[in-house]
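Engineer: Could you look at this predicted model? Sequence included:
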Protein chains: 2
Amino acid sequence: MALNPADERLAARLPGGVLREIAPAYLEEPRGRFFGKAGLVAAPRDVEEVAAVVRACAEARVAIVPRGGGTGLVGGQVMPEGPAPLVLSLERMSAIREVFADEGVLVAEAGATLQQVREAAGGVGRQFPLSLASQGTAQIGGVLSTNAGGVNVLRHGNARALCLGIEAVLPTGEVMRDLRRLRKDNTGYDLRDLLIGAEGTLGVITAAALTLAPLPAETGVAMLVVESPPAALGLLALAQGRMAGGVTAFELIAGQGLEFLAEHFPQMRQPFDPLPDWLVLVEVGLPAGLGAGEALEGLYLAGSEAGLISDGVIAQSGQQAAGLWALREHIPLANRAVGAIASHDISLPLSELADFIRDAGEMLAGEGDMRINCFGHLGDGNLHYNLFPARGRRREAYEAQRRHLSRKIHEMVVMRGGSFSAEHGIGRLKTGDLQRWGDPAKLAAMRAIKAALDPSGIMNPGAVLAP
Amino acid sequence: MALNPADERLAARLPGGVLREIAPAYLEEPRGRFFGKAGLVAAPRDVEEVAAVVRACAEARVAIVPRGGGTGLVGGQVMPEGPAPLVLSLERMSAIREVFADEGVLVAEAGATLQQVREAAGGVGRQFPLSLASQGTAQIGGVLSTNAGGVNVLRHGNARALCLGIEAVLPTGEVMRDLRRLRKDNTGYDLRDLLIGAEGTLGVITAAALTLAPLPAETGVAMLVVESPPAALGLLALAQGRMAGGVTAFELIAGQGLEFLAEHFPQMRQPFDPLPDWLVLVEVGLPAGLGAGEALEGLYLAGSEAGLISDGVIAQSGQQAAGLWALREHIPLANRAVGAIASHDISLPLSELADFIRDAGEMLAGEGDMRINCFGHLGDGNLHYNLFPARGRRREAYEAQRRHLSRKIHEMVVMRGGSFSAEHGIGRLKTGDLQRWGDPAKLAAMRAIKAALDPSGIMNPGAVLAP
């Protein structure tokens, strides 16, 4: 490597063998909106090496961009502004350190992929109930640093709810060893939850003790046709009333998404013809003794009687269940094939959600010709509200409108008590939104905490808090 | 009121009508270990008045001790050292501001009691699944500030897990308005969880959006005789394997506790004679369609076959279930009647728990004649490990040993990866323990955060972090 003199000096202070060849993959993010500057890439092998890298950077006043699998969607993993940072990749710290099957706890290093963690849990007859489309690549350090969500939040919570303890290197280079395996521990401020979701701006998570849930004795999946979002919400309430914590996923799918699927994945068999306006995908996980099929049939009957459901299929096998899930999981791929004008990862209080969908649709109808694919994790109030060109038009035709449309949608969400970033985080994409919509006292406290823990400002500068 | 000149000046700067007559109740805590100094008592009526009080105290450099129901067990609510503080009582902010039944969310002011919140939830066919013996007095602000636990943590988590958003006054007097009703919201640092469990040292929680869980369709309670703590843990694993999230409480009761009950509450009918060495109280909450009695019978049979259970009763009515719970809930009262030498609110990784009980018993056998009542929330790894005088001796006889014994027990807990304060917090009682056993990097970060958010050091000084 040919290094500039400053990088040369920093490199000399790093532990031996941690540097990696710089490669484009370290400087990119999936949406192609941000490109990082090429500096050093360090891939430490253990927490002591991470601490040594952080100390060296702190002394040299070189910024650090922590990097997991790089699947984040808001540019938290690449730093396009300022002097080139050191990219701190956790790729070599990928061990599952310990599995405590009886406790339902697993200790993973930050570089382990979500898939690895899920497989290790499955290997001891448990589950790690966080599931993302990107789980083969996403690393657990990034999953925690962004407090990732996914499809099972309804039952098991976000990443935050699945973490008992962390090991982390703070911006001073000190190692915080708090890898607790305890369900109850009230000994001081909750720094674990402060680092979780801080997107690498307050330190680097190097390992985590994660909770593994028992596998439900019975699982089942159904896809049900509903007339409207209010009917879908009514069905959600009905399902939760009947099955308490047994509803593990409740996804909303719009007819527009099914049309995109039909266009771009015509080989996928869709269960309903003609395509319905709205579907929900319901997954249940139940105790022994209660058949999941029976429970879903009971829900179907009750939902039909209440006028909430007009049609539906209940998977009769694991393969059928996987087929229904595949439809849901291919919607983002179909979206990508169509090419969105703008995407919005929003959440709303459940009682505001249907009105938002109605009002946003009306608002957009006045803004020109476009297609809306509104889908997502209805049970959590989390919608992916994405806008697409009208048939025959190209996304570039909407470039002038894009920011204006997103601003209006976010405004409508915030006015209803919702969030302009439900599960993706702030990264560099939404720092302006956070400044605009964030509570001023909260923002001031965030800046005070950032300055207190990272006085040199080296940890992922420009992410979360705009400079 | 006759005020000293400094208090007179401060009083003049407070909003009209917020001062209350000082009364002993504002200066006491249940264990009688700490007594507060008599200063001003302010009871604001809304968040703006709380902010005005905090600003006035910040300007006058007068300490503030936030006070809820005063039921905390570690002295967080009274300040015996230094100049007399202002006691900030939330008693007049006790409204349930809003109930969103369909969302499963309720917004309560900090001064609402836990009982009030539970009743408001019940009134809309939901539950607030946090239950404490002190719930008629404990206020929700204190419950959150101490991240209270209780008997349903196994299924529903600590207070932290049941809070979606807070409104709080920061030490600067700024109001943080973050009363979100969202299950997913990744917009900046998790200040909610930072204030939760901070015991009033980083600000005052004035209201909270709390999650209400669906009521289970079926509930049931059983009391089962097990031979030993390992058998109890085996039964826990069996129950969770069979019922996944359906186990809502799993409490361990020692024969010693039953003896205390027999001595001090002889009118209470105990189901087993002779008194067993160990019992567990199991509560289940299940979806519709699966009888709870049937599920508990299935557990009983499977547990018997596995050699884990030797006897048991399954409640056949709500009244019988309440009777079994009453036995569990009277154990702390019986303890109080006996008079403990020392109490320990500890938690351990589940796989360390049985060995700890064995080793601690052996250690104490070498320390003299005493009785151990070890009981608590086994499902969470949370034990109340309390020491009592031998029959015929008085607790005062152990005074010289008390600190030494607690130190040894905490040491054994910490060495096994456990916590010396599982659910009660640090308060003023355990600041020394926190300094001794806390992770140094974590403690340094806590001090940095405290200094950043409360630069004048007015919020509950001396609690959590020793001066």
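Structural biologist: Everything's here; your move.
Engineer: thinking A:Gly339 is in contact with A:Arg395, fair?
Structural biologist: Yes: with contact defined as C-beta atoms under 8 Å, A:Gly339 counts as touching A:Arg395 (4.8 Å). Placement of C-beta: from N, CA and C, glycine included.
Engineer: Run through the strands of the stretch 301-450 of chain A in chain order.
Structural biologist: Per DSSP state E, counting those that start in this stretch, the stretch 301-450 of chain A carries strands over the ranges A:309-314, A:345-347, A:370-377, A:382-389.
Engineer: Hmm, I typed the wrong one, I wanted the stretch 51-200 of chain A.
Structural biologist: A:64-67, A:86-89, A:96-100, A:105-109, A:126-127, A:163-169, A:175-178.
Engineer: Overlap of the contact sets of A:Gly339 and A:Arg395?
Structural biologist: Shared contacts of A:Gly339 and A:Arg395 (C-beta atoms under 8 Å, 6 or more residues apart in numbering or on different chains): A:388-389.
Engineer: Those two - which one has more neighbours?
Structural biologist: Higher neighbour count among A:Gly339 and A:Arg395: A:Arg395, with 16 against 11, using other C-beta atoms under 10 Å in any protein chain shown.
Engineer: Just the pLDDT at the more buried one, thanks.
Structural biologist: On the pLDDT scale, A:Arg395 is placed at 93.
Engineer: same thing with A:Ala38?
Structural biologist: For A:Ala38, the pLDDT comes out at 86.
Engineer: got the contact list for it?
Structural biologist: Counting by C-beta under 8 Å, 6+ apart, A:Ala38 makes contact with A:22, A:27, A:84.
Engineer: what sits against the last one?
Structural biologist: It refers to A:Ala84. Applying C-beta under 8 Å, 6+ apart, one finds that A:Ala84 lies in contact with A:7, A:36-39.
Engineer: tell me which of these is nearest to A:Gly234?
Structural biologist: Nearest to A:Gly234 out of the contacts of A:Ala84 is A:Gly36 (C-beta to C-beta; 46.6 Å).
Engineer: For that closest one, give its distance to A:Val65.
Structural biologist: When C-beta to C-beta, to the nearest Å is the yardstick, A:Gly36 and A:Val65 sit 7 Å from each other.
Engineer: any residues in contact with both of these two?
Structural biologist: The contact lists of A:Gly36 and A:Val65 share A:77-79, A:85, A:87, where a contact means C-beta under 8 Å, 6+ apart.
Engineer: Tell me which two of those sit farthest apart.
Structural biologist: Farthest pair in these (C-beta to C-beta) is A:Gln77 and A:Pro85. Separation: 11.1 Å.
Engineer: Which one of the two is surrounded by more residues?
Structural biologist: Legend: neighbour count by other C-beta under 10 Å for A:Gln77 and A:Pro85, higher for A:Gln77 (31 against 26).
Engineer: That one is in contact with A:Leu88, isn't it?
Structural biologist: No: with contacts defined as C-beta under 8 Å, A:Gln77 does not count as touching A:Leu88, sitting 10.7 Å away.
Engineer: what is in contact with those two at once?
Structural biologist: In contact with both A:Gln77 and A:Leu88: A:65-67, using C-beta under 8 Å, 6+ apart.
Engineer: on that earlier part again, let me know which of the strands of the stretch 301-450 of chain A is the nearest to B:Leu212.
Structural biologist: Of all the strands of the stretch 301-450 of chain A, it is strand A:345-347 that lies closest to B:Leu212, at 18.0 Å by C-beta to C-beta.
Engineer: Is any residue of stretch A:334-354 near chain B?
Structural biologist: Yes: using C-beta under 8 Å from any C-beta of the partner chain, we find that stretch A:334-354 touches chain B at A:347-351.
Engineer: doesn't A:Ala354 make contact with A:Ser228?
Structural biologist: Yes: between A:Ser228 and A:Ala354 there is a contact under C-beta under 8 Å: 7.3 Å.
Engineer: These two: which has the busier surroundings?
Structural biologist: Each of A:Ser228 and A:Ala354 has its neighbours counted (other C-beta under 10 Å); A:Ala354 has more, 17 against 14.
Engineer: Contacts only, for A:Ala6.
Structural biologist: Counted by C-beta under 8 Å, 6+ apart, A:Ala6 has contacts A:60, A:62.
Engineer: Tell me how far it lies from A:Leu86.
Structural biologist: For A:Ala6, the distance to A:Leu86 equals 11 Å [C-beta to C-beta].
Engineer: any residues in contact with both of these two?
Structural biologist: Common neighbours of A:Ala6 and A:Leu86 (criterion: C-beta under 8 Å, 6+ apart): A:Val62.
Engineer: winner for burial among the strands of the stretch 51-200 of chain A?
Structural biologist: strand A:64-67 (a mean of 28; mean count of other C-beta atoms under 10 Å in any protein chain shown).
Engineer: buried ones in stretch A:37-53?
Structural biologist: Using 16 or more other C-beta atoms under 10 Å in any protein chain shown as the test for burial, stretch A:37-53 gives A:37, A:39-44, A:47, A:49-53.
Engineer: and it, how far from the chain's centre?
Structural biologist: Here stretch A:37-53 shows a centroid-to-chain-centroid distance of 25 Å under the convention C-alpha atoms, centre = their mean, to the nearest Å.
Engineer: Just the CA trace of it, in CSV.
Structural biologist: The C-alpha coordinates for stretch A:37-53 follow below in CSV (Å, rounded to 0.1, in the frame of the first residue of the first chain):
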residue,chain,number,x,y,z
LYS,A,37,-13.0,8.2,1.3
ALA,A,38,-10.1,5.8,1.1
GLY,A,39,-8.0,5.8,4.2
LEU,A,40,-6.8,2.9,6.3
VAL,A,41,-8.8,-0.2,6.9
ALA,A,42,-8.1,-2.0,10.2
ALA,A,43,-9.6,-5.4,11.1
PRO,A,44,-8.6,-6.2,14.7
ARG,A,45,-8.7,-9.8,15.9
ASP,A,46,-9.7,-9.2,19.5
VAL,A,47,-11.1,-6.5,21.8
GLU,A,48,-7.6,-5.4,22.9
GLU,A,49,-6.6,-4.8,19.4
VAL,A,50,-9.8,-2.8,18.9
ALA,A,51,-8.9,-0.7,21.9
ALA,A,52,-5.4,-0.2,20.6
VAL,A,53,-6.7,1.0,17.3
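Engineer: partners of A:Val226 in the sheet?
Structural biologist: Counting by DSSP bridges, A:Val226 is bridged to A:Trp278, A:Ile309.
Engineer: Please verify my assumption that it contacts A:Leu281.
Structural biologist: No: checked against C-beta under 8 Å, the pair A:Val226 and A:Leu281 is beyond contact range at 11.2 Å.
Engineer: Those two - which one has more neighbours?
Structural biologist: Taking neighbours as other C-beta under 10 Å, A:Val226 and A:Leu281 compare with A:Val226 leading, 25 against 22.
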